[in-house]
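Participant: Dropping a prediction and its sequence here:
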Amino acid sequence: AALRCMASPAKIEAIALGGGQEVGRSCVLVKLGGYRVLLDCGIHTAYTDERCFPRFELLLDGHVTGSAAGAGGRGGRDGSSLPDGDACSLGVSSKPAGGAAASPAGQQTSPYAHCVDAVFITHYHLDHVGALPHLIGVLGYRGPVYMTSATRAIAQTLLLDYRHVMVERKGASMYTEKDVLFAMCAVSTVALHE
């Protein structure tokens, strides 16, 4: 007689916020067992406007659209200490460019602050990590971000170089250098297969 599992299987939902049927802005929201996890946070390098980013508005309840989605607003960190690392030792404060170190009483926190339970970056390519400074520094995400130490080291260099190229050659700036360094300070590194 065959064994029969009495528990119902967990429902997994995957929503492509970018990267579906294209190369660029890889970003998938996975919902499982009440958790919401973002796999990758990439940029589409062919665009120099909002089209370069994943559809972050889909992370919000009610799917806020238009300028409200982009105005999450550089909200302050929740006061937790920054992880150790080279970006953090460069003197980058615990506030993103244009934001406050902590949200004063009465100031609205970003709707993106805890829109997912965690972000996992699979590797350092821009189409997988390039929008992370925007999500953290501009939109105000304040949850955990995980990647390997090798990915973090290379991603930081690539993001700073990408920003420099965009500003110098194309006159476009999706985020500031401080946004890049602030995003890297938010990263917790994990070992391979951890």
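Facilitator: Arrived safely, thanks for sending. Numbers count the residues shown, from 1 in each chain.

Participant: This structure: helices as residue ranges?
Facilitator: With DSSP state H applied, the chain shows helices at 67-70, 126-129, 132-133, 149-170, 177-185, listed in chain order.

Participant: Just list the residues touching the most centrally placed residue in the chain, thanks.
Facilitator: Closest to where the C-alpha atoms of the chain average out (CA atoms, centre = their mean) is residue 132, at 3.6 Å. Residues near residue 132 by CB atoms under 8 Å, 6 or more residues apart in numbering: 41, 119, 121, 145, 155, 159, 183. C-beta coordinates here come from the backbone N, C-alpha and C atoms, glycine included.

Participant: Correct me if wrong: residue 141 contacts residue 112.
Facilitator: Yes: using CB atoms under 8 Å, residue 141 makes contact with residue 112 at a distance of 4.9 Å.

Participant: any residues in contact with both of the two?
Facilitator: With CB under 8 Å, 6+ apart, residue 141 and residue 112 have common neighbours residue 135.

Participant: neighbour count winner among those two?
Facilitator: residue 141 (27 against 24; other CB atoms under 10 Å).

Participant: thinking again about what came up before, just name the most buried of the helices of the chain.
Facilitator: Sort those by mean neighbour count, taking mean count of other CB atoms under 10 Å, and helix 132-133 sits at the top with a mean of 30.

Participant: gap between it and the chain center?
Facilitator: Its chain's average C-alpha position is 5 Å from that of helix 132-133, according to CA atoms, centre = their mean, to the nearest Å.

Participant: For residue 143, give me its contacts.
Facilitator: Residue 143 makes contact with 113-119, according to CB under 8 Å, 6+ apart.

Participant: Give me the contacts around stretch 151-159.
Facilitator: Residues external to stretch 151-159 that are found in contact with it (CB under 8 Å, 6+ apart): 85-87, 121-126, 129-130, 132-133, 147, 180-181, 183-184, 187, 189.

Participant: you'd agree residue 27 is up against residue 20?
Facilitator: No: here residue 27 lies out of contact with residue 20, judged by CB under 8 Å, at a distance of 9.5 Å.

Participant: give me the number of residues near the closest residue to residue 118 other than its chain neighbours?
Facilitator: Nearest residue to residue 118 in three dimensions, chain neighbours excluded: residue 144, at 4.7 Å (CB to CB, 6 or more residues apart in numbering). When neighbours are defined as other CB under 10 Å, residue 144 has 16 of them.

Participant: what phi and what psi does the backbone show at residue 144?
Facilitator: Dihedral pair for residue 144: phi -70, psi 150, per degrees, to the nearest 10.

Participant: Nearest to residue 14 among the contacts of residue 143?
Facilitator: Nearest to residue 14 among the contacts of residue 143, counting by CB to CB, is residue 116 at 13.1 Å.

Participant: State the distance from that closest one to residue 177.
Facilitator: 25 Å (CB to CB, to the nearest Å).

Participant: again, but for residue 189
Facilitator: For residue 189, the distance to residue 177 - CB to CB - is 21 Å.

Participant: Repeat that for residue 24.
Facilitator: 22 Å.

Participant: I am finished for the moment; much appreciated.
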